[in-house]
Structure formats: C-alpha cells, structure tokens
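Q: just the structure for this:
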Amino acid sequence: MSGTPTDMAKISELTSIKVVAGSVVLRGDLTLPPNTSSLVLFAHGSGSSRLSPRNRFVARILNDSGVGTLLFDLLTEREDAADQADGHLRFDIPLLRDRLVGATDWVMKQAETKNLKIGYFGASTGAGAALQAAAVRVNVVKAVVSRGGRPDLAGPSLPLVKAPTLLIVGERDVDVLDMNRTAKSALG
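A: Here you go, the predicted structure:
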C-alpha cells in the first residue's frame, strides 16, 4: 500500500505504508482504530526500527485504547545499513527531527489522519528528535512521551516545547535519569 488517501480510508488494522518525509520515502506501519481521534508517531533511536518489540508492545496498548499509531523507520534502508556500520546517523538529531517533522506534515495531508490530534513517542535518541520536532510543530503536537530517552539531545529546543511531556526512565538507569532531570528543568 502506498498510503494514498483512498487506500487509507479502509485502515482499521495494522497496515504497511510508505511515508513521504521531505525528499525520502520511509517504511511504516499505521494502525487506526475505529473512531480514533488521535495518532501517536513513534521515533525510535539507537539502531532500532519500526519493528522494535518494545515500541510495538506500547503501540498495541495504545491501539487497544483507541489511539492510532504510526511506527516508521526514520532512516531509509540504505541509511540504516550505513548506520549499522558506523552508528553516525542514529545521533544525527537534526536529520531524525526533520524526518519526524516530514512524517507529521505527511500525516496532516492524508484524508484519514489530517484531523487527528498528534502525539510523539520517542525512545533513546528518538526522544531528542521528538522533542526538537515538537518545538518545530508547536501548534500541531499535543503531547510527547520519552521512554528511556535522551531529551538532552534536544538541546536549545527544550524551552520551545509547549506540549505536555512525560519523561519515563528506569530508576536504575542513573546516567539517563540525570540527563532527564536536567532536561526537565529546561522544558518550556
């Protein structure tokens, strides 16, 4: 499925789509439960993909609660292969942010998703990208959740984030917990 508006009218189960984000096409999995009013875009990081078991678990819980989800790869297949070799793209927060902003813009143009409230769910470096994207699309993004994230990577964008933001970190992950506490104090 190409993710055209006509095709999207039939979505109620997980459907593989292609998301146009700027000049690239990214693979994604979209689920729109019946009568949903919101859509969460997932921004994974640190070598993960839309197939991450943890993110898919969270997506299923959201879907069961009536919330739509879009899990998509922030990198193209070629970029992912290069990143597996040297890991440089997973820390390119501006690139990841731009992909998330592009996917958000794409979602806002599709017939079945253009009127949905948008939220972000970021994990690891994807959380930094999600927070930067929320600062760029401040009037569109209604909530941000960071799971084990690196909000510190959002840097000077943090005070610009206006969406309610939830930072979730395991109590034993001391380094990431400290980064999240510092980032929390900088949020808008």
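
Q: can you give me the helices in this protein?
A: All helices of the chain, identified by DSSP state H, fall at 5-8, 53-64, 77-86, 93-107, 125-136, 174-186.

Q: make CSV from these and add distance to Asp29, mean neighbour count and mean pLDDT to it.
A: Every C-beta, even on glycine, is put in place using the N, C-alpha and C of the backbone. Rendered in CSV, the data for the helices of the chain read as follows (distance: least, CB to CB, whole Å; neighbours: other CB atoms under 10 Å; pLDDT from 0 to 100):
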stretch, distance to Asp29, mean neighbour count, mean pLDDT
helix 5-8, 13, 14, 44
helix 53-64, 8, 15, 90
helix 77-86, 15, 12, 81
helix 93-107, 12, 21, 96
helix 125-136, 16, 29, 96
helix 174-186, 27, 15, 92
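
Q: so for Pro151, which of those sits nearest?
A: Using CB to CB as the measure, helix 174-186 is the one of those that comes nearest Pro151, at 3.6 Å.

Q: tell me which other helices or strands that closest one touches.
A: Counting contacts by 3 or more CB pairs under 8 Å, 6 or more residues apart in numbering; DSSP states H and E, helix 174-186 is packed against strand 165-168.

Q: output the contacting helices and strands for the strand it packs on.
A: For strand 165-168, the packing partners by 3+ CB pairs under 8 Å, 6+ apart come out as strand 141-147, helix 174-186.

Q: make TSV from these and add distance to Ser124 to it.
A: Listed next are those as TSV, based on distance: least, CB to CB, whole Å:
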stretch	distance to Ser124
strand 141-147	8
helix 174-186	9
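
Q: residues in contact with stretch 164-182?
A: For stretch 164-182, the surrounding residues in contact (CB atoms under 8 Å, 6 or more residues apart in numbering) are 131, 134, 142-152, 183-184, 187.

Q: from the chain's centre, how far out does it sit?
A: Computed by CA atoms, centre = their mean, to the nearest Å, the separation of stretch 164-182 from the middle of its chain amounts to 18 Å.

Q: in JSON lines: the helices of the chain, plus distance to Pro156.
A: Supplementary listing: these in JSON lines, determined by distance: least, CB to CB, whole Å:
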{"stretch": "helix 5-8", "distance to Pro156": "36"}
{"stretch": "helix 53-64", "distance to Pro156": "27"}
{"stretch": "helix 77-86", "distance to Pro156": "25"}
{"stretch": "helix 93-107", "distance to Pro156": "11"}
{"stretch": "helix 125-136", "distance to Pro156": "9"}
{"stretch": "helix 174-186", "distance to Pro156": "9"}
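
Q: for Val40, which of the ones you listed is the nearest?
A: Counting by CB to CB, Val40 lies closest to helix 53-64 out of those; the figure is 5.9 Å.

Q: thought Ala71 was touching Arg54?
A: Careful, residue 71 is Leu and not Ala. No - counting by CB atoms under 8 Å, Leu71 sits too far from Arg54 to count as a contact (11.0 Å).
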